[in-house]
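1. I need the structure of the sequence given here:
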Amino acid sequence: MGLADDRAPAAVAQSSPAAAVMRINKPAKLLGTWTESVDRVLRGHAEQDMSNAKKLLNAGPTSAMGTAYVRAQEVPSGADGLYIPGDDQRVILISAVSGTITDPTAALDRMFGGLPNITDVAPIRAGALGGVAACGAAQGKKGIPVDFCAWSDPHTLGMVTFIGFANTDDPHGVFGQIRTELEQPTR
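-> As a prediction, the model looks like this:
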């Protein structure tokens with residue numbers, strides 16, 4: 001995602017909180033109402049992305065999380081397997097790690113560089129936690145929209161993938177709120 005790459009955002013850098021070392025925590029409920037998915041395939045995708053993020057750290061992770069959240073509790077069905085009941089089929093995948101990141105911009109570039117078929121990658125504000133952040137988009141199976149937002153700072157690196165969100169759902173705006181629910185100072 002360097003300057004020669006058309007997908008490369010000029011990352012919007014912000015200073016990170018004072019030298020506090022951060023860690024990644026898994027909320028019991030995301031955004032107050034979203035529950036953790038029990039779908040092994042969804043969680044597997046998030047765990048794979050988490051494993052890839054670990055490779056971008058300068059040393060081993062101090063904390064890590066890869067999971068999926070859904071609006072409604074999934075229901076098992078003999079005919080359909082595991083499915084989300086109702087009309088709200090949106091899914092949020094979260095993959096994040098904490099550790100040492102000496103070049104947050106390069107780590108963010110490498111994170112997006114590993115995503116195939118992603119378009120419109122552009123910098124966004126990283127929020128109160130600082131660092132650099134960007135979002136991009138892709139089309140999933142059956143034309144389902146997929147938005148990717150990622151951040152990197154000296155202590156954490158993560159990606160939030162929004163599956164099935166409409167532009168009116170404001171995934172880029174929700175990204176900042178999710179990040180603050182995940183990233184906490186160590187004590």
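
2. hmm, Ser152 and Ser98 touching each other?
-> No. Ser98 lies out of contact with Ser152 (Cβ atoms under 8 Å); the separation is 11.3 Å. Bear in mind the C-beta positions are built from the backbone N, C-alpha and C, glycine included.

3. by residue count, what's the longest helix in the protein?
-> Looking across the chain with DSSP state H, the single longest helix is helix 40-54.

4. ok, and what's touching that helix?
-> 37, 60-61, 64-68, 70, 91, 93-97, 99, 111, 114, 157-159, 161 (Cβ atoms under 8 Å, 6 or more residues apart in numbering).

5. narrow the residues you listed to those in strands?
-> 64-68, 70, 91, 93-97, 157-159, 161 (DSSP state E).

6. now for those residues: which two are most distant?
-> Maximum pairwise distance among these (Cβ to Cβ): 24.1 Å, between Val70 and Leu157.

7. which of the two has more residues huddled nearby?
-> Leu157 (29 against 21; other Cβ atoms under 10 Å).

8. ok, what's across the strand from that one?
-> Val97, Ser152 (DSSP bridges).

9. doesn't Ile101 make contact with it?
-> Yes. The criterion here is Cβ under 8 Å, and Leu157 meets it with Ile101 at 5.8 Å.

10. joint contacts of those two?
-> Shared contacts of Leu157 and Ile101 (Cβ under 8 Å, 6+ apart): Leu56, Leu57, Ala107.

11. low-scoring stretches of this protein, by residue?
-> 1-20, 74-87 (pLDDT under 70).

12. so which of the shared contacts of Leu157 and Ile101 is the most crowded?
-> So for these (other Cβ under 10 Å), the most neighbours sit at Ala107, 23 neighbours.

13. name the residues of the strand or helix carrying Phe175 that are buried.
-> Following DSSP states H and E, one finds Phe175 within helix 171-182. Of the residues in helix 171-182, Pro171, His172, Val174, Phe175, Gly176, Ile178, Arg179, Glu181, Leu182 count as buried by neighbour count, 16 or more other Cβ atoms under 10 Å.

14. ok, so of those residues, who is nearest Pro27?
-> Glu181 (5.0 Å).

15. against which helices or strands is the helix holding Phe175 packed?
-> strand 91-98, strand 132-139, strand 145-152, strand 156-163 (3 or more Cβ pairs under 8 Å, 6 or more residues apart in numbering; DSSP states H and E).

16. tell me which of these sits nearest to Arg125.
-> Closest among the helices and strands packed on helix 171-182, using Cβ to Cβ: strand 132-139, at 6.8 Å.

17. relative to the closest one, what are the paired strands and their orientations?
-> In the sheet, strand 132-139 lines up with strand 119-124 (antiparallel), strand 145-152 (antiparallel) (DSSP bridges).

18. most tightly surrounded among those?
-> The highest average neighbour count among those, using mean count of other Cβ atoms under 10 Å, belongs to strand 145-152 at a mean of 24.
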